[in-house]
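Novice: Fold the following and give me the result.
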Amino acid sequence: MKKFLLILLFFASLSIASSNVNDDKRIKDALLKYNYGIIKMTKSGNTKLLKDMLSQKLYFKLMIWADSWKFSNLAMVAQINDLRFSPIAYNENNATVRTMENWTFAYADLIKRDYALKPLNIFYQMHYTLQKDGDMWKIIAIKHLKEEVFTKQNTHKPSLEEEKEKPKDDISSQIQQKE
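Specialist: Numbers count the residues shown, from 1 in each chain. Here you go, the predicted model:
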């Protein structure tokens, strides 16, 4: 009987570990989509992707931020140079994860078609709280933990010109490349 219980306990722990691996992948996928979605939104104005993955409060906060720049005839042009994840902590239907993000961004004057604010490399340490919604994870809280400007001579310079969308593999391969 003890053997049977041990075997049952072993398989139960394997299924929990497997579930966390799948959830880890989904959470990383959601955070990558969110961060790249911000870049896409500022170029195209398409907010559908972000609306589906953020709480209503966060979505409206992001829209106010983006609209405030647009009303000033400015647009963010950005690229993500590096995005790393800490181990994910789970609590019932919520998960928290910290990221280290290295961005290069600038603001372009939409009328002059030139930089209004020159490109900067910025390191962010972020804390995300996500909530499970079916098989999806929705971002419900975001905190800036640290923000630091890098002063390098070879700062990446995001282009003001529209880039043609390159065909991409699925987001899973991008996650694996980042790890």
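Novice: Residue 59 belongs to a helix?
Specialist: Yes - when classified by DSSP: H, G, I helix; E, B strand; the rest coil, residue 59 is found to be part of a helix.
Novice: Surely it touches residue 50?
Specialist: Yes - here residue 59 lies in contact with residue 50, judged by C-beta atoms under 8 Å, at a distance of 6.3 Å. For glycine as for every other residue, the C-beta is placed from the backbone atoms N, C-alpha and C.
Novice: hey, where'd the helices end up in the protein?
Specialist: 2-44, 48-53, 56-71, 171-178 (DSSP state H).
Novice: which other residues reach the second one?
Specialist: For helix 48-53, the external contacting residues (C-beta atoms under 8 Å, 6 or more residues apart in numbering) are 30, 33-34, 37-38, 40-41, 59, 62, 136, 138-139.
Novice: looking at the helices of the chain, which has the lowest confidence?
Specialist: Mean pLDDT is lowest for helix 171-178 among the helices of the chain, at a mean of 47.
Novice: So for residue 59 and residue 50, which sits in the more crowded spot?
Specialist: Set side by side, residue 59 and residue 50 show more neighbours around residue 50, with 20 against 16, by other C-beta atoms under 10 Å.
Novice: beta partners of residue 126?
Specialist: Beta-bridge pairing for residue 126 (DSSP bridges): residue 99, residue 144.
Novice: And the pLDDT for it?
Specialist: 97.
Novice: residue contacts, it?
Specialist: When contacts are counted by C-beta under 8 Å, 6+ apart, residue 126 touches 98-99, 101, 142-145.
Novice: coming back round to it: just the buried ones from the contacts of helix 48-53, in PyMOL syntax?
Specialist: With 16 or more other C-beta atoms under 10 Å as the criterion, this PyMOL line picks the buried residues out of the contacts of helix 48-53:
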select buried, resi 30+33+34+37+38+40+41+59+62+138+139
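Novice: Among the contacts of helix 48-53, which one lies nearest to residue 110?
Specialist: Nearest to residue 110 among the contacts of helix 48-53 is residue 41, at 15.1 Å by C-beta to C-beta.
Novice: list the contacts for the closest one?
Specialist: Counted by C-beta under 8 Å, 6+ apart, residue 41 has contacts 47, 49-50, 62, 66.
Novice: and those residues as JSON lines, adding distance to residue 23?
Specialist: Shown next, in JSON lines, are the contacts of residue 41 (distance: C-beta to C-beta, whole Å):
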{"residue": "47", "distance to residue 23": "26"}
{"residue": "49", "distance to residue 23": "20"}
{"residue": "50", "distance to residue 23": "21"}
{"residue": "62", "distance to residue 23": "24"}
{"residue": "66", "distance to residue 23": "29"}
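Novice: And these, which two are furthest apart?
Specialist: Based on C-beta to C-beta, the longest span within the contacts of residue 41 runs between 49 and 66 and measures 13.3 Å.
Novice: Settle it for me: which of these two has more neighbours?
Specialist: residue 66 (18 against 15).
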